[in-house]
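Visitor: With the sequence up front, the predicted model follows.
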Amino acid sequence: MIPIPTITTERLVLRAPCAHDHAPFAAFYASEAAQFVGGPMRDFEVWRYMAEVIGHWQLRGFGRWMVERKDRPGAIGLVGLHAPLDWPEPEVGWMLWDGNGRGYAAEAGRAARSHAYGKLGMRTLISSIAPGNAASIRVAEGLGATLEPDPFEHPKFGTMSVYRHPAPEALA
């Protein structure tokens, strides 16, 4: 079993998903807020999705973390690295269900990207974003990602915009 590292930032902890994260994750996916990330989903579908998130770590050696604020325990989102078979290349992605507008998505996304470029030696990352997801586009652009001319056609989610992150040397 691959250990999932814990990453801390100034205000956040990125940690392995666990069973008690199901309730806030399911509440997010039951709401309209999940419209840009495959939702809404039923409770049992969210449980399976959490298992997929954990399994990604085992299959790829990297993945997504649950995000908590340092000053208040409890998951506020899911952020990290994602590269399933139906993705064009590895991505850094974020979904926050608590704390929107406070910069948490950018802070956690930056930490995940640093981990990918530093610890994992990745050379490039994208963020795939559903059209109309203005908040996610702002995060990507705030991290220096730029819109690629060709969208990504996902077999389930349809057309996704692709934002390319700066290469590691450009961030140095």
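Guide: Okay, I see it.

Visitor: Am I right that residue 130 is in contact with residue 157?
Guide: Yes - the criterion here is Cβ atoms under 8 Å, and residue 130 meets it with residue 157 at 6.7 Å. All C-beta atoms are positioned from the backbone trio N, CA, C, and that covers glycine.

Visitor: Which one of those two is surrounded by more residues?
Guide: The neighbour comparison of residue 130 against residue 157 (other Cβ atoms under 10 Å) goes to residue 130, with 17 against 14.

Visitor: got any ranges where the protein has weak pLDDT?
Guide: Scanning the chain for pLDDT under 70 picks out 34-39, 98-101.

Visitor: and the longest helix for it?
Guide: Using DSSP state H to define each element, the chain has its longest helix at helix 43-60.

Visitor: Please tell me how far residue 61 sits from residue 127.
Guide: Residue 61 sits 20 Å away from residue 127, taking Cβ to Cβ, to the nearest Å as the criterion.

Visitor: the more surrounded of these two?
Guide: Comparing residue 61 with residue 127 by other Cβ under 10 Å, the one with more neighbours is residue 127, at 24 against 10.

Visitor: Buried ones in stretch 11-29, by neighbour count?
Guide: If you call a residue buried by 16 or more other Cβ atoms under 10 Å, then stretch 11-29 has these buried ones: 12-17, 21-22, 24-26, 28-29.

Visitor: And for stretch 162-171?
Guide: Neighbour-count burial for stretch 162-171, counted by 16+ other Cβ under 10 Å, picks out 162, 163, 164, 165, 166, 168.

Visitor: tell me which of these is nearest to residue 92?
Guide: Distance to residue 92, by Cβ to Cβ, is smallest for residue 165 among the buried residues of stretch 162-171, at 6.6 Å.
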